[in-house]
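Engineer: With the input below, show me the fold.
(chains A and B, ligands or ions: 2)
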Amino acid sequence: MDELLRLTQHGLYCPAGDFFVDPSRPVHRAVVSHAHSDHARWGCRRYLAAKPSEQLLRLRMNADATFDFLAYGEKETVGEVKISFHPAGHILGSSQIRIEHRGRVAVVTGDYKLGDDPTCETWEPVDCDLLITESTFGLPIYRWEPNATIFAAINQWWRDSQEAGKCCVIYGYAVGKSQHLLAGLDPSIGPIFTHGAVEKANDAYRRSGVALPKTTHVGSVDGKPNWQGAMVVAVPSAHGTPWMRKFGRVSTAMASGWMAIRGNRRRRSVDRGFVLSDHVDWGSLLKAVELCDPETVWVTHGSAAVVARYLNEQGRDAKVLEGQLRREGDEDESVRGEVDP
Amino acid sequence: MIRFANLYGELDSTTKTNEKVSAMVNYFANVEQADAAWATYFLAGSKLRRLVPTKLLRKWAAEEAGIPDWLFDESYQSVGDLAETISLVVPPGEVCDDAPLARWVTERMHPLGKMDEPDQRRAVIEIWRHSTPAMRLVTMKLITGAFRIGVSKRLLTRAIASHSGIPTEVVAHRLMGEWEPTAEFFQRVIDDSVDATLPSQPYPFCLAHPLDPKEGPAPLGEVEQYLVEWKWDGIRGQVIRREDSTYIWSRGEELMENRWPEIESAATQLPNGVVLDGEILAATTEGEVLPFAQLQRRIGRKKVGKKLLAEVAVVFHAFDLLERDGCDLRDQPLADRRVQLEQIVEQANHPHLRATELITQSSWGDFAETRETSREHRAEGLMLKRKDAAYDVGRVKGTWWKWKIDPFTIDAVLIYAQKGHGRRASLFSDYTFALWQDGTLVPFAKAYSGLTDAEIRKVDRFIRQNTNDSFGPVRSVTPELVMEVAFEGLQRSSRHKSGVATRFPRIVRWRHDKQPQDANSLADLMEMMPD
Ligand SMILES: [Zn+2]
Ligand SMILES: [Zn+2]
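Structural biologist: Ligands and ions are numbered 1, 2, ... in the order given. I've put the predicted structure just below:
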């Protein structure tokens, strides 16, 4: 299998197709799982990705690049390999990348989750010989609650804050998490406003045909509106900045898988932490491995050593993807450093 | 039990005092008195004794979650808190038993202590299966004796006062001392028709505020308005003589029985209806105070043997009189209380009971010089107390001041780090510092406070990038960071590699300006050692 994909300084490389998967540096040809900047590296010459990620990628990548898009499940031959994209359920257009070479199949999950999320297509298992999985939340302490439970709590917090005359500010990453959040908010409670970066991504989502509740960009509001009872969806880096002052009395919350741990909640110094993640938790990671049933698993991104050891003990051939792909950027919770502001 | 778990969550997630108080008031308003009593008990910092060994809890939690022990340990490493790890790792319960807190404690938790291991296991797993993760977190904290919550006794008192309409001082007094968390007890706390004081009940302690060392005492006003005495490094205590019985309380409101026989003997010479506030010190009966290390030999001994009693005697240095003839004197000016204190101590005429020595000087400048000699007297500095002030229970700032001497400080190199607990559970925030000796770095102190959150994050990043070795949770890092470490005292110790033990070490600042080779040596530290 090693010859199908190997790890280089620029990330995972497929010699038989002469391309990189989610490269960590600009390369001539990138096959990209999704539009987060720690996967879709700016500055590549050519990008191949799933069709539903087109709006986001064009918005965020260098315009001079060549873009090719495939519908989910559609196969394209690149060099000696066949490539296809399969829903990963992480954000709009996120994909597992299936690479087939001489009857052997490797699947790179990118970031993924198994739960339902109305803003993107649901993850589906792909049979493979080699599975390269992320393990951001690869510890048994991470067990996500059903969406309905989480959103009931978020909407309840909104109502309570409204009653207390406060404005709610909830932080989520601009691309993906924010839209996942928006889709779960109950717009009958009050008006929803957005941070500029969030609204930009909203536009791309809407252009792609994803239904989101009505939102208003905070920057486009004239005069001094009454923020009491409103919901503002903002990026985490806005917390504690002067931008926040205009909202008056606020109740703040962070939506992230890391909020499962009390220490992280406190360090964020927000009023509430909602455990809402776009990554697999421990249980769904194991379930995904079982359903894809690969001979070999490479684990990357997060608790790789733990997951690999556990899978080995369960009788599956697993190893840590050496020198884990370096991740930079602050727009996805898979970047652990993001917990620090 | 769900309400109590929610209360814990609310108190745990806010730093705002008003929100904490309103969470407690809301809780008290919605539960039975027996629950209110138990909640008061836990919030005041009382603990159940450890009912189940944590080793077993870890094992059972791993079994219940269907994971190997090593994976539980990895999880614990990542979370940094055992009860929290268990609450997360064990699958959610099937049903939720929302019986009152009092019943959870008496029917589900207390009995664990008397069970054999298989029964314990069954009972603990039943707790897990009958609770939500939030309830599980609280119950596991309670049965491991690790329940801690960021609520001061003052806030708790305020909440009960606001809930019941009883004045704060009265509630504070009724919460003092030892009591059983029963519905009757809570009723007594919030009942305005009963005089609830028991003979053993101490008064809330008046606390001193630290004086800003840069400003000094000048802003306090005229020197004549203050009584000045040494600030001793002993054990603060209240000696109560009522109804021919003696009760000695520590500031932590622990009843210290049979630990200070000399003082108990002195107390028998006091008339009934007397309460003294003062300091328990290792001292000669002539008045000379001995090093803290001597007192330490007596601390923690539940019973004192004859030999130790002969080697290290203690003397109660009384500095205040709170009650005489059964009358509460706390509203009288300190100067008047002091006159009566001296009379009472003189009448008792016992070698193990003295009134503290008062220091007189004519200016703050002279006192500043006196303060410089504190270490020679084995004192930590000076206490300045307003003569006209009532014995105040911490509401008003500014009647008692402690003017401490500057701590010892030394520049040391960070060599080991470990993840912190609670709020800092996922950061490397507990450090071991070392000093030079013959070209190697010898560890001498552990410190985990003094840096800002931003600095801790920076150090955390440094540690992750510069780890050379790990021993369990401890990382050995490249010796590069130099920090100024302060501590209150020093004593020889055979248990420490360096040969010395420091008291209350903490970080003063990060010395970005220093290279590791600029740090101090062990010899420099040894030079600071008193006699
Ligand atoms: Zn992502
Ligand atoms: Zn990622």
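Engineer: residues in contact with the helix or strand where residue B:154 lies?
Structural biologist: Using DSSP states H and E, residue B:154 maps to helix B:153-164. When contacts are defined by Cβ atoms under 8 Å, 6 or more residues apart in numbering or on different chains, helix B:153-164 is touched by residues B:17, B:20-21, B:24-25, B:28-29, B:40, B:43-45, B:166-168, B:170-172, B:175, B:189-190, B:394. Just so you know, the C-beta spots here come from the backbone N, C-alpha and C atoms, and that holds for glycine as well.
Engineer: in the stretch 51-200 of chain A, what residue is nearest ligand 1?
Structural biologist: In the stretch 51-200 of chain A, no residue comes nearer to ligand 1 than residue A:111, which is 3.6 Å away by Cβ to the ion.
Engineer: Distance of that residue relative to residue A:22?
Structural biologist: To residue A:22, residue A:111 is 10 Å away according to Cβ to Cβ, to the nearest Å.
Engineer: Would you mind listing the residues touching both of those two?
Structural biologist: Contacts common to residue A:111 and residue A:22, judged by Cβ under 8 Å, 6+ apart, are A:33, A:39.
Engineer: Torsion angles phi and psi at residue A:220?
Structural biologist: phi -100, psi 0 (degrees, to the nearest 10).
Engineer: For it, give its distance to residue A:192.
Structural biologist: Residue A:220 is 13 Å from residue A:192, by Cβ to Cβ.
Engineer: More neighbours: those two, which one.
Structural biologist: residue A:192 (22 against 10; other Cβ atoms under 10 Å in any protein chain shown).
Engineer: Tell me who's in contact with the more buried one.
Structural biologist: A:182, A:185, A:213-216, A:230-233.
Engineer: can you redo these as CSV with pLDDT, neighbour count and distance to residue B:417?
Structural biologist: Shown next, in CSV, are the contacts of residue A:192 (pLDDT from 0 to 100; neighbours: other Cβ atoms under 10 Å in any protein chain shown; distance: Cβ to Cβ, whole Å):
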residue, pLDDT, neighbour count, distance to residue B:417
A:182, 97, 26, 41
A:185, 97, 21, 42
A:213, 97, 15, 46
A:214, 96, 8, 49
A:215, 96, 23, 44
A:216, 95, 15, 47
A:230, 96, 23, 44
A:231, 97, 29, 41
A:232, 97, 25, 38
A:233, 97, 26, 37
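Engineer: does residue A:210 sit in a helix, a strand or a coil?
Structural biologist: coil (DSSP: H, G, I helix; E, B strand; the rest coil).
Engineer: phi, psi of the closest residue to it other than its chain neighbours?
Structural biologist: Computed as Cβ to Cβ, 6 or more residues apart in numbering or on different chains, the closest residue to residue A:210 that is not its neighbour in sequence is residue A:119, at 5.2 Å. Dihedral pair for residue A:119: phi -90, psi 0, per degrees, to the nearest 10.
Engineer: Report the separation between the spatially most central residue of chain A and ligand 2.
Structural biologist: Centroid check for chain A by Cα atoms, centre = their mean gives residue A:90 as the closest residue, at 4.7 Å. Distance of residue A:90 to ligand 2, computed by Cβ to the ion, to the nearest Å: 8 Å.
Engineer: And for residue B:437?
Structural biologist: Applying Cβ to the ion to residue B:437 and ligand 2 gives a distance of 47 Å.
Engineer: Please tell me I have it right and that residue contacts residue B:520.
Structural biologist: No: Residue B:437 is not in contact with residue B:520 according to Cβ atoms under 8 Å; the separation is 10.6 Å.
Engineer: more neighbours, those two?
Structural biologist: More crowded of residue B:437 and residue B:520, by other Cβ under 10 Å: residue B:520, with 20 against 17.
Engineer: Alpha carbons of stretch B:136-154, as PDB, please.
Structural biologist: What follows is stretch B:136-154 as a C-alpha-only set of coordinates in PDB (Å, rounded to 0.1, in the frame of the first residue of the first chain):
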ATOM      1  CA  ARG B 136     -22.100  11.500  37.900                       C
ATOM      2  CA  LEU B 137     -19.400  14.200  38.000                       C
ATOM      3  CA  VAL B 138     -20.700  15.500  41.300                       C
ATOM      4  CA  THR B 139     -21.200  12.100  42.900                       C
ATOM      5  CA  MET B 140     -17.800  10.900  41.900                       C
ATOM      6  CA  LYS B 141     -16.300  14.100  43.300                       C
ATOM      7  CA  LEU B 142     -18.200  13.500  46.500                       C
ATOM      8  CA  ILE B 143     -17.300   9.900  47.000                       C
ATOM      9  CA  THR B 144     -13.600  10.500  46.200                       C
ATOM     10  CA  GLY B 145     -13.400  13.400  48.600                       C
ATOM     11  CA  ALA B 146     -12.400  15.700  45.800                       C
ATOM     12  CA  PHE B 147     -15.500  17.900  45.800                       C
ATOM     13  CA  ARG B 148     -14.300  21.500  45.600                       C
ATOM     14  CA  ILE B 149     -16.100  24.500  44.400                       C
ATOM     15  CA  GLY B 150     -15.200  28.100  43.900                       C
ATOM     16  CA  VAL B 151     -17.500  29.600  46.600                       C
ATOM     17  CA  SER B 152     -16.200  31.300  49.600                       C
ATOM     18  CA  LYS B 153     -17.900  30.900  52.900                       C
ATOM     19  CA  ARG B 154     -18.900  34.600  52.700                       C
END
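Engineer: What are the buried residues along it?
Structural biologist: B:136-144, B:146-147, B:149, B:151, B:153-154 (16 or more other Cβ atoms under 10 Å in any protein chain shown).
Engineer: Do you know the pLDDT at the closest residue to chain A within the stretch 151-300 of chain B?
Structural biologist: Nearest to chain A, among the residues of the stretch 151-300 of chain B, is residue B:151, at 15.2 Å (Cβ to the nearest Cβ). Note on residue B:151: pLDDT of 87.
Engineer: And whatever residue of the stretch 301-450 of chain B ends up closest to ligand 2, what's its pLDDT?
Structural biologist: Closest contact between the stretch 301-450 of chain B and ligand 2, by Cβ to the ion, is at residue B:426 (19.1 Å). You'll see residue B:426 listed with a pLDDT of 79.
Engineer: so where's chain A shaky on pLDDT?
Structural biologist: A:1-2, A:322-341 (pLDDT under 70).
Engineer: what about the longest helix in it?
Structural biologist: The longest helix of chain A (DSSP state H) is helix A:147-163.
Engineer: So the closest residue in space to residue A:35 that isn't next to it in sequence: helix, strand or coil?
Structural biologist: Closest residue to residue A:35 apart from its sequence neighbours, by Cβ to Cβ, 6+ apart: residue A:56 at 3.8 Å. What three-state DSSP gives for residue A:56 is helix.
Engineer: Can you name the residues that contact residue A:56?
Structural biologist: A:35, A:91-93, A:175, A:201, A:204-205, A:208.
Engineer: Residues of the stretch 51-200 of chain A that sit close to chain B?
Structural biologist: A:139-143 (Cβ under 8 Å from any Cβ of the partner chain).
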